[in-house]
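Visitor: Prediction below, plus the sequence it came from.
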Amino acid sequence: MRAGNPPASGFFWPVPAAVPEIFLFLPISVTAAGLFYAGVVDLVGTWHLVEWRFGDDHPLGADAVGRLIYSADGFMAAFLARSDGFSDAMAYSGAWELRGGEEVVHHVSVSTRPSFVGRELVRSVLWSDDELVLTTPPPVNVLRWRRAGG
């Protein structure tokens, strides 16, 4: 007996009452260079902004807030704002991929900044103790993130 959505004929397939679904995410990425094991699992999750620096400046203030989310199914979302949570807010979302374990690429599909839509935002990935440090190509921005506690 098949389970699932009804076909167009209107006949309903019986749906089991409770079937647990188990998802297995393997930290494997395929690139043009071939198959390699990467630190994908290390990135997956929710991150809180610790600091955003542009040289000696803090673009949204030293107490800026932000969230960065990497999902296991390949989507991401970023939100940054001043300390009140809404002033000068910027956000974007799209797909993400890890390249060589040293770069993460955000393929932006929606954004509060029109210039981001359709672009690939490349970030160098570094780890400093328990923080994720993302660095942009010049002009250099350094964003430090700490994993959200559960």
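Guide: Sure thing, it's come through.

Visitor: what element comes up after the helix or strand of the chain with the lowest mean pLDDT heading to the C-terminus?
Guide: Across the helices and strands of the chain, mean pLDDT, DSSP states H and E gives its lowest value to strand 34-37, namely a mean of 32. Once strand 34-37 ends, the next helix or strand along the chain (criterion: DSSP states H and E) is helix 40-43.

Visitor: what residues does the following helix or strand past that next one touch?
Guide: Going down the chain from helix 40-43, the next helix or strand is strand 45-53, by DSSP H and E. Residues external to strand 45-53 that are found in contact with it (C-beta atoms under 8 Å, 6 or more residues apart in numbering): 58-60, 62, 64-70, 80, 131-132, 141-148. Heads up, the C-betas are built off the backbone N, CA and C, glycines and all.

Visitor: What segments of the protein are strands?
Guide: 28-31, 34-37, 45-53, 65-70, 75-81, 90-99, 103-111, 120-128, 131-135, 142-147 (DSSP state E).
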